[in-house]
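Asks: missing the sequence, but the structure's below:
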């Protein structure tokens, strides 16, 4: 199930990225696929894991919205910035998949997420 959620996220990301080099109209439907990991986390996690999964889902959801803002809610759309943010967000999707692990594991994922953002300053993500 987790692999399917990550697959949906990557398909949504890929559909958005495909429009980066073209001048065709951008459709909003791929953005809904980005929410698949959040939906799965809410459905699958219960009991003591629901709190962690909920918190990580909020973080991932805010990051997705922040990334989509560069394309859908600005006067000068930048699909490249959206795609770069969503690529870094794959680490957050992976973190959500291991929400039931000890806090130290989460710190490693957040460090990797930070490194992905840092490296994108020097190495283009798209």
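Replies: Cool, got the structure. Quick caveat: nothing in here was measured; it's all calculated off a predicted structure.

Asks: show me where this structure has helices.
Replies: Along the chain, the stretches classed as helices by DSSP state H are 2-18, 29-33, 36-44, 49-72, 79-97, 103-120.

Asks: quick check: which of the ones you listed is buried the most?
Replies: Looking across the helices of the chain with neighbours counted as mean count of other CB atoms under 10 Å, the highest average goes to helix 79-97: a mean of 21. To be clear about C-beta, it is placed using only N, CA and C from the backbone, and glycine gets the same treatment.

Asks: how far does that helix sit from the chain's center?
Replies: Here helix 79-97 is found 4 Å from its chain centre; the criterion is CA atoms, centre = their mean, to the nearest Å.

Asks: packing partners for that helix?
Replies: Packed against helix 79-97 by the contact rule (3 or more CB pairs under 8 Å, 6 or more residues apart in numbering; DSSP states H and E) you find helix 2-18, helix 36-44, helix 49-72, helix 103-120.

Asks: for the helices of the chain, which one sits closest to residue 126?
Replies: Distances from residue 126 to each of those were compared by CB to CB, and the smallest falls on helix 79-97, at 4.9 Å.

Asks: so the closest one versus helix 103-120, what angle?
Replies: When axes from the mean of the first three to the mean of the last three CA atoms, to 10 degrees is applied, the directions of helix 79-97 and helix 103-120 differ by 170 degrees.
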